[in-house]
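[1] let's see this in three dimensions:
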Amino acid sequence: VLCDLPGVGANLQDHPALPVAYECTQPVSLASAESIANLIRYMAFKTGPLTSNVGEAGGFVKTSASRPTPDVQYHFAPGYFIEHGFQQVKEHAYSIIPTLIRPNSRGRITLLSSNPPDAPLIHANYFADPRDTQAVVEGLRIARAIAETNAFAKYRKRELCPGPGIKNDEKSLIAHIEKYAQTLYHPVGTCKMGPARDKLAVVDSELRVHGVEGLRVVDASIMPIVPGGNTNAPTIMVAEKAADLIKGGPRKAQQEPVLSQTLA
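    As a prediction, this is how the structure comes out:
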């Protein structure tokens, strides 16, 4: 061990998502997109279902009026997005996917052993905080309410997931969460940025690892808190900022500002 930083691997955050899927009455989903005809159509004319980005629409909502900012993000997909797409149906279908974007739960990544090729142990710890469960329960109810609006009437056939057997009561929806929750692939936070006095901080404001010379971390793991939305653009900006810092050459670490007792 060259530097003991207990924050390495801690503070893991992610955006868990839940499926709400419906069979579609019209052949307008991506169920038949993967065909030779559609491939030729895309290659020749850049038209057809293969031009879809899959996440065709989205939105942000507050699951409670007391929330200062939206806590659930919706992804609308013209397909059957269950178990990361491995569970499939032959029918045309669409999904409305409530995603928790401000989780209170924290997980951790740790080493399995001292053997580098061994895969790490990842404990996502989703829904450890009951506030997260409650937010997603409300997010599922809102998704169903959206699906029942007149705008979907000519496309809506039957609810495939959670399905008619899962009612809107809290107990039933929690059972659905326990069975179908999945990641939206937005893990962050395991090398969080912060001052050296923060025992869980791994890098400083210029992404330099505390206590190690000549080492930076440049990825989404430096984010102290997961963004309230997709992490792609923020991660690109972290990399752009790091590139500017690296091109600027080595600089002496600035002394951390000391807050007065009044400010603290």
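[2] give me the contacts around stretch 166-180.
    Residues outside stretch 166-180 that contact it (Cβ atoms under 8 Å, 6 or more residues apart in numbering): 18-19, 82-83, 127, 133, 136-137, 140-141, 144, 161-162. C-betas here are computed from N, CA, C, even on glycine.
[3] apologies, that question was intended for stretch 198-216.
    With Cβ under 8 Å, 6+ apart, stretch 198-216 has contacts from 2-3, 5-8, 10-11, 190-196, 217-218, 221-222, 238, 241-242, 245-246, 250-251, 253.
[4] now, those residues that are in helices?
    238, 241-242, 245-246 (DSSP state H).
[5] re earlier: adding pLDDT, write the contacts of stretch 166-180 out as JSON lines.
    Below are those laid out as JSON lines (pLDDT from 0 to 100):
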{"residue": "L18", "pLDDT": "95"}
{"residue": "P19", "pLDDT": "92"}
{"residue": "I82", "pLDDT": "86"}
{"residue": "E83", "pLDDT": "86"}
{"residue": "F127", "pLDDT": "97"}
{"residue": "T133", "pLDDT": "97"}
{"residue": "V136", "pLDDT": "98"}
{"residue": "V137", "pLDDT": "98"}
{"residue": "L140", "pLDDT": "98"}
{"residue": "R141", "pLDDT": "97"}
{"residue": "R144", "pLDDT": "97"}
{"residue": "C161", "pLDDT": "94"}
{"residue": "P162", "pLDDT": "96"}
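[6] now that we have those residues, which one has the most neighbours?
    V136 (27 neighbours; other Cβ atoms under 10 Å).
[7] in the stretch 101-250 of the chain, which spans are strands?
    Here the stretch 101-250 of the chain has its strands, by DSSP state E, counting those that start in this stretch, at 108-110, 121-123, 156-161, 182-183.
[8] can you tell me the closest non-neighbouring residue to L111?
    P120 (5.9 Å; Cβ to Cβ, 6 or more residues apart in numbering).
[9] just to revisit the earlier point, which ones among the contacts of stretch 166-180 are found in helices?
    Per DSSP H, those map to helices at 133, 136-137, 140-141, 144.
[10] where are the low-confidence patches of the chain?
    249-264 (pLDDT under 70).
[11] now name the helix or strand holding S95.
    strand 93-100 (DSSP states H and E).
[12] contact partners of that strand?
    Residues contacting strand 93-100 (Cβ under 8 Å, 6+ apart): 15-24, 29, 31, 71-82, 132, 135-136, 139-140, 142-143, 146-147, 155, 160, 184.
[13] same thing with stretch 128-146?
    Identification of contacts with stretch 128-146 by Cβ under 8 Å, 6+ apart yields 16, 18, 20, 61, 63-64, 71-72, 74, 96-100, 102-107, 126-127, 152, 159, 162, 168, 170, 173-174, 176-177, 181.
[14] for those residues, which PyMOL command selects only the ones that are buried?
    Selecting only the buried entries of the contacts of stretch 128-146 in PyMOL, with 16 or more other Cβ atoms under 10 Å as the criterion:
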select buried, resi 16+18+20+61+63+71+72+74+96+97+98+99+100+102+103+105+106+107+126+127+159+162+173+174+176+177+181
